[in-house]
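Novice: Here is a sequence with its predicted model. Questions after.
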Amino acid sequence: MTVKKTAALTPEASAIEQNEAAKAALITADEKVQTLSLAVDAADLGVDDITDSWDAGDETASAADFSLAQIEFKRATALYEAAQRSAQAIEKSVINTDTTLAAVVAPYVKMTHHDYGDVGVSFLFPKDMPDPNHPYVTVVQSQPVKTGHGGSMSGVLDIVFTRREMHRELDPRKIELAALKNGVSLSITSRTRVEGDHVVDLLHVIANSAHAAVPVIYINPSKAMAGRFAQGLACALCQATRSTTDPAIQMLQGGGYRSAVVSVEATNGAILHNDTDASGKRLTTVEASLKWASDAGCVRKPQHPIDTYLRRIVSDQAGIFAEGLGVVIDAKIEHLGFPNPLGETEAKVRVVFASASR
């Protein structure tokens, strides 16, 4: 007879199994707390009923009945408080097993340190160096992520790098800058310790604002969201014309922007299409209308035509996240006009965002 061997569970799989058991136990414990809470209320009411009856001149309840009611109230209260403590202990044993945020951050670690191979994602801290001859990076998310209805998320995690002394440590700034190009804001601090024959770098990451490659958005896109995107595009265009020696761009009354060479205004932001398929994938098309001109506040001529700056910005939109709209998968200049008699030029940019509605 052949005995079938059962494969040993990985630490993550074992933790998930224990977690599910704890969650089931917590449901039972919470139900017990609710039942005993009702018992406490009933016992308290029993004591009040006796004192109220005596106050009304009813001699039916005896002193022994009152003593028994008090004892029952004390018993119910003690059992309720014990059940609460038990439920709280079980709740503390439930750990986070979600790695949504870690999966967002891991690619930025890999793209900035590709020589170190694969980057692992887990909710558990590694206990040792998987391969003594190769460095290994694990992005650990031990706490739940905070998600917004518009597709953004925030939270904290740690990047654990186990290596030999011969290997260089991770560069936190490189990771921050790579993430920021896609609109993911990270703040990273690091510390190093020696464990036996290897070194452990621990990078603590605060994700101020992050998003998945296809963010889940629980609200419908609105004209206000499209307007904010158009406003951001106008600001980016104005900023692009600024040289290193120019003063900072100014925000004008009414929402426009001015640099040393041009004033830019977002004249409109509109939702053209918003389509969701059967799988929940959503495509949202936004049209942003811009207008620019040189005016009395501009002190020099631009180094390049303004539409050149606009083309660069539009070509770099892929992967950019906008709250409530999603991640840009396509962007193009739909219309580019000629300067009118007032020196104003108008343009329309059409952008397609991808998201998931569930």
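Specialist: The structure has been received and is ready for your questions.

Novice: Only C-alpha atoms from now on, for both contacts and neighbour counts.
Specialist: Will do.

Novice: Run through the chain and note the low-pLDDT ranges.
Specialist: Along the chain, the parts satisfying pLDDT under 70 run over 1-8, 296.

Novice: tell me the strands in it, going along the chain?
Specialist: Secondary structure of the chain (DSSP state E): strands located at 119-122, 136-140, 146-147, 153-163, 185-195, 198-210, 250-251, 257-258, 263-276, 281-293, 321-322, 326-336, 345-356.

Novice: I'd like those strands as TSV, with mean neighbour count appended.
Specialist: Below are the strands of the chain laid out as TSV (neighbours: other CA atoms under 10 Å):
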stretch	mean neighbour count
strand 119-122	20
strand 136-140	25
strand 146-147	14
strand 153-163	23
strand 185-195	15
strand 198-210	19
strand 250-251	16
strand 257-258	24
strand 263-276	20
strand 281-293	22
strand 321-322	24
strand 326-336	19
strand 345-356	22
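
Novice: export these to CSV and tack on distance to R173?
Specialist: Shown next, in CSV, are those (distance: least, CA to CA, whole Å):
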stretch, distance to R173
strand 119-122, 18
strand 136-140, 16
strand 146-147, 24
strand 153-163, 13
strand 185-195, 8
strand 198-210, 11
strand 250-251, 29
strand 257-258, 30
strand 263-276, 32
strand 281-293, 33
strand 321-322, 21
strand 326-336, 24
strand 345-356, 29
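
Novice: List just the one of these that sits closest to L177.
Specialist: strand 185-195 (8.6 Å; CA to CA).

Novice: Give me the sheet partners of that closest one and which way each runs.
Specialist: Sheet pairing of strand 185-195 (DSSP bridges) gives strand 198-210 (antiparallel).

Novice: just the CA coordinates of the strand it pairs with, formatted as CSV?
Specialist: Output of strand 198-210 as CSV, limited to C-alpha atoms (Å, rounded to 0.1, in the frame of the first residue of the first chain):
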residue,chain,number,x,y,z
HIS,A,198,24.6,38.1,7.0
VAL,A,199,23.3,41.7,7.1
VAL,A,200,19.6,42.8,7.3
ASP,A,201,18.5,46.1,5.9
LEU,A,202,15.1,47.2,7.1
LEU,A,203,13.4,49.9,5.1
HIS,A,204,10.3,51.3,6.8
VAL,A,205,7.9,52.6,4.2
ILE,A,206,5.0,55.0,4.7
ALA,A,207,2.8,55.0,1.6
ASN,A,208,1.2,58.4,1.7
SER,A,209,-0.7,57.8,-1.5
ALA,A,210,-0.6,54.8,-3.7
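
Novice: List the buried residues for stretch 92-109?
Specialist: By 16 or more other CA atoms under 10 Å, the buried positions in stretch 92-109 come out as 94-97, 99-109.

Novice: and which of those is nearest S243?
Specialist: The shortest approach to S243 among these belongs to Y108, at 29.0 Å (CA to CA).

Novice: Please list all residues in contact with the closest one.
Specialist: Applying CA atoms under 8 Å, 6 or more residues apart in numbering to Y108 gives the contacts I175, A178, A179.

Novice: hmm, back to that, could you identify the most distant pair in the buried residues of stretch 92-109?
Specialist: Top of the distance list for these (CA to CA): V94 and Y108, 29.4 Å.

Novice: which residue packs closest to M129, ignoring adjacent ones?
Specialist: Of all residues not flanking M129 in the chain, T162 sits nearest, at 6.0 Å (CA to CA, 6 or more residues apart in numbering).

Novice: pretty sure that neighbour contacts P135?
Specialist: Yes. Counting by CA atoms under 8 Å, T162 touches P135, with 5.6 Å between them.

Novice: Determine the residues that are contacts of both of the two.
Specialist: With CA under 8 Å, 6+ apart as the test, T162 and P135 both reach M129.
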